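Asker: Predicted coordinates and the sequence they were generated for:
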Amino acid sequence: MKKLAIIGGKGFENPENFLDNFKKLKAETPFGVTNSDFYSGFFNNKEVIVLIRHGINHNIPSFKINYKANIFALRQLGISHIIATSICGSLQEEICPGEIVAIDQFIDQSKHTNLSYFDDLDENELCHDPLVFPFSQELRDLFIEAAVKKGITTHTKGVVVTVDGPRHTTRAESNLYRSWKADIVNMTTAPEAILANELKIEYAVVSLCTNYEAWRTDIKPATKQEKDEIIAGNKSAITDLIKEAISKF
């Protein structure tokens, strides 16, 4: 049976803003206690589990997230599909701050060395499954259809480079990633996608562009305040997008 979870990124720290009849959950796993908050509730009249990726107070930076515990806990709760949100920096002129990207590929530049549930298994038990399409096409189609219906500017594909953070890319890194035909940079997608795929959980993410990365020479780097304003100004649009997608799930 299908069961849906939402992993909320920055801008989705308060479940009161988008969950009805919610209650907090505790989750312990063989990979430690989750360091983010879990909630069960109703989103657009459908029961979902919500993981607040960075914590209610947004006090868990990307490089300190216990991804293995988080994704495993969702599997323990019977989750079959995950919809995630994130923010990103743009590597391409046509992806503008305030626009959304339905990611379809990733390049993992994070330095997490323990991104597998198979690290303690015999060599014959290791998972060498291909990861040609790391994101759920079923969920991506729901996003895209919802964006068309709601009139929300959404790029229907995009290659994300995931880095650890907390810093943004240097100009040299930005230009390198552009030469790789990457479209955006963020700090959370690759670890979640890798682990979800290992557990056979369908996973997809929509990423809100908050700024141009350092390859742009004609503008100043965006400030934290400017990026926060982009997030605040688009929170309702992303909520509407997810609600519409869930209504068709």
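Answerer: Looks like it arrived, so ask away.

Asker: Tell me where this protein has helices.
Answerer: In the chain, the helices defined using DSSP state H lie at 67-76, 137-150, 171-179, 189-198, 224-247.

Asker: As CSV, these with mean neighbour count and distance to residue 110 would be great.
Answerer: C-betas here are computed from N, CA, C, even on glycine. Below are these laid out as CSV (neighbours: other C-beta atoms under 10 Å; distance: least, C-beta to C-beta, whole Å):
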stretch, mean neighbour count, distance to residue 110
helix 67-76, 23, 10
helix 137-150, 17, 22
helix 171-179, 15, 13
helix 189-198, 24, 6
helix 224-247, 17, 21
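
Asker: for those, which one sits closest to residue 20?
Answerer: Residue 20 lies closest, by C-beta to C-beta, to one member of the helices of the chain: helix 224-247, at 11.7 Å.

Asker: Give me the contacts around that closest one.
Answerer: 4, 6, 10-12, 17-18, 43-44, 46, 48, 83, 85, 87, 97-98, 100, 139, 142-143, 145-147, 149-150, 152, 154, 206, 208-211 (C-beta atoms under 8 Å, 6 or more residues apart in numbering).

Asker: Count the neighbours of residue 107 for me.
Answerer: 15 (other C-beta atoms under 10 Å).

Asker: same question, the one 3 residues further on
Answerer: By the criterion of other C-beta under 10 Å, residue 110 has 21 neighbours.

Asker: How much space separates it from residue 188?
Answerer: To residue 188, residue 110 is 9 Å away according to C-beta to C-beta, to the nearest Å.

Asker: try residue 142
Answerer: Distance of residue 142 to residue 188, computed by C-beta to C-beta: 21 Å.

Asker: The protein: strands as residue ranges?
Answerer: Along the chain, counting by DSSP state E, strands occupy 4-8, 20-25, 28-29, 32-33, 37-43, 46-52, 81-90, 100-102, 105-108, 154-155, 159-162, 184-186, 202-212.

Asker: export these to a markdown table and tack on distance to residue 194 and mean pLDDT?
Answerer: Output for those, formatted as a markdown table (distance: least, C-beta to C-beta, whole Å; pLDDT from 0 to 100):
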| stretch | distance to residue 194 | mean pLDDT |
| --- | --- | --- |
| strand 4-8 | 14 | 94 |
| strand 20-25 | 24 | 89 |
| strand 28-29 | 17 | 88 |
| strand 32-33 | 18 | 86 |
| strand 37-43 | 21 | 89 |
| strand 46-52 | 16 | 92 |
| strand 81-90 | 13 | 96 |
| strand 100-102 | 19 | 97 |
| strand 105-108 | 7 | 97 |
| strand 154-155 | 22 | 96 |
| strand 159-162 | 10 | 98 |
| strand 184-186 | 14 | 98 |
| strand 202-212 | 9 | 97 |
